[in-house]
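Participant: sequence? don't have it. structure:
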């Protein structure tokens, strides 16, 4: 028996998965069932009372989903994880454990447009308030802290421009404020950045993107770093106080350093309901097995395309942290030395109309609202993902009218460059 | 002995070798963590003895409560202490008067007393602090993976079918210590600041 730490690629293939006890199946079976039989009445009571480990109902947990959860927890260096129906569901479930009406989170202004909408409108209706801060200005996070602040939320690589966030600096603000740092690691994936190593207390993902990687299955996940002490004051009663629905159990006292993941499961997922389909979990697990190979190819291709665009006469600017001279290049070399990811933006000299033309002229790039697919994707954020923001907010979030966003796939880079070249000339 | 992070082989050898466990501070209240752990370990085949002077005359899963370690009529391999850190030392001192000596002192999740640990180790006992044997057993057998917990173990062998009352194999290949590095660091920082 050796206690050596396996490498990332070994974990991507093996973590959480063991040959099926009943059949010996080597691939993880799809346990497409709503519910699981109990051994007897006492076993049922033990499971419902959180006294035993086991399966009850797929809205609370499922063996296929559990493999996915353990695998992502292992890849991120967390203590536990909870898979949910989408990245948005992950954010909802996380914040439900942390916030009460009248509480606040501080969020980076540069976020996926869908997250900006979710925080601004849906969460506001719950009485959860958002204070926006500038991820390029750490002091703006410090200034936003109030007695009502319950968490800080950032993206490691920020949508849409692929900018790199100084996670350690913002983690220091969170520690000082006594609140957890939540990092959306969707665009980096743990292959490029492991936010827990830089001070994150909770990591969330849209599994739909690079982790699943094939543009075929929605999913989200919450990873508990096991680093935050939820009981040191009474700020987080979901974790520190007796839970009436479980006869007075205190979640942190009972579950220790994976209490947050358990709270998300037995209080969040159980009551809000956004469970992940076991079939989707299987598809995403299969995707994760090749994450290291795909992610490196995504990054290498993206760098080649960014270099091509940076010298193109129709292009006024390229925002790719992997380019020397980019304002985020130093942060990229610190946080994501294997590559700057595959999502970035560039600006066209011809403005809004040139953006619309480019999208319609491309033959290989698909025009759609997703990122992190094997296929290369293109979108004009100002008219789509960020269209619900006002003009000033569009510019602040990196989605000005002349900006086009690419998500570079794993095709041959020469073909991607040729497609962009012909579309820019057309 | 580094008590900030334990090697899995250390925890595994304890759980594989002890047979009788006296649980000091065991509670008959079925929402207390001690009750969960007692029941789980009893179902895994350990000879469990509940120790709590407040409940003498009652039984926990058919096992009668005893008032103190000295009242136990058979040798004890391990003492699992479900008390706050400030109540550990007297229990360890009592344990060291037993004959034969127990082999392991285990302090529950949240409990740590380095001076008591040193005393027990000087007498040749193994010590685990700030851990739960139920969680560790579930983790090393991968049973806990059903809850999405990172077991920090891998195996390419067919898993045994877990059923109530069965001893599971704890002998899976481990990586790293029992906890992730980040959570170990957090626990250490907490110890240093309190």
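Facilitator: Received the coordinates, thanks. Just so it is clear, the structure is predicted and the values come from calculations on it, not from any experiment. Numbers count the residues shown, from 1 in each chain, chains lettered A, B, ... in the order given.
Participant: There's contact between residue B:144 and residue B:132 in this structure, I believe.
Facilitator: No. Using Cβ atoms under 8 Å, residue B:144 makes no contact with residue B:132, being 10.5 Å away. C-beta coordinates here come from the backbone N, C-alpha and C atoms, glycine included.
Participant: Can you report phi and psi for residue 22?
Facilitator: Went with chain A since none was named. As for residue A:22, its main-chain torsions (degrees, to the nearest 10) stand at phi -80, psi -50.
Participant: You answered for a different chain; I wanted chain B.
Facilitator: phi -90, psi 120.
Participant: so what pLDDT did it get?
Facilitator: Per-residue confidence (pLDDT) for residue B:22: 98.
Participant: Could you pull up the residues touching it?
Facilitator: B:49, B:51, B:69, B:72, B:76, B:78-80, B:102 (Cβ atoms under 8 Å, 6 or more residues apart in numbering or on different chains).
Participant: now do residue A:421
Facilitator: Each residue near residue A:421 by Cβ under 8 Å, 6+ apart is listed here: A:308, A:312.
Participant: Okay, now the unreliable bits of chain B?
Facilitator: B:161-168, B:176-180, B:191-194 (pLDDT under 70).
Participant: so which helix or strand takes in residue A:132?
Facilitator: strand A:129-133 (DSSP states H and E).
Participant: Could you spell out the sheet neighbours of that strand, each with its direction?
Facilitator: Paired strands of strand A:129-133, with direction, are strand A:104-108 (parallel) (DSSP bridges).
Participant: can you give me the strands for the stretch 201-350 of chain A?
Facilitator: A:202-206, A:220-224, A:242-243, A:249-250, A:315-319, A:343-348 (DSSP state E, counting those that start in this stretch).
Participant: same thing with chain B?
Facilitator: B:20-24, B:47-51, B:59-60, B:63-64, B:78-81, B:104-107, B:126-128, B:153-154, B:173-174 (DSSP state E).
Participant: Need the residues that contact the fourth one.
Facilitator: Residues outside strand B:63-64 that contact it (Cβ under 8 Å, 6+ apart) are B:42, B:48-50, B:58.
Participant: Could you save the residues you listed as CSV and add columns showing distance to chain A?
Facilitator: Output for these, formatted as CSV (distance: Cβ to the nearest Cβ, whole Å):
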residue, distance to chain A
B:42, 12
B:48, 15
B:49, 20
B:50, 16
B:58, 19
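Participant: in the stretch 301-426 of chain A, what residue is nearest chain B?
Facilitator: The minimum distance from the stretch 301-426 of chain A to chain B, using Cβ to the nearest Cβ, falls at residue A:335 (15.8 Å).
Participant: which ones are touching that residue?
Facilitator: Residue A:335 touches A:156, A:164, A:166-167, A:193, A:198, counting by Cβ under 8 Å, 6+ apart.
Participant: And the pLDDT for it?
Facilitator: Looking at residue A:335, the pLDDT reads 98.
Participant: Distance from the chain centre to stretch B:152-160, please.
Facilitator: Relative to its chain's centre, stretch B:152-160 lies at 23 Å (Cα atoms, centre = their mean, to the nearest Å).
Participant: Does that stretch reach chain A?
Facilitator: Yes. Counting by Cβ under 8 Å from any Cβ of the partner chain, chain A has neighbours in stretch B:152-160: B:152, B:154-160.
Participant: got it, and stretch B:135-143?
Facilitator: Yes. With Cβ under 8 Å from any Cβ as the criterion, chain A is reached by stretch B:135-143 at B:135, B:138, B:142-143.
Participant: Find the residue at the geometric middle of chain B.
Facilitator: Central residue of chain B (Cα atoms, centre = their mean): residue B:133, 3.5 Å from the mean position.
Participant: Give the buried residues for stretch A:337-354.
Facilitator: A:339-348, A:350, A:354 (16 or more other Cβ atoms under 10 Å in any protein chain shown).
Participant: what about it, how long is it end to end?
Facilitator: 33 Å (Cα to Cα, to the nearest Å).
Participant: Equivalent analysis for stretch B:132-151, please.
Facilitator: 14 Å.
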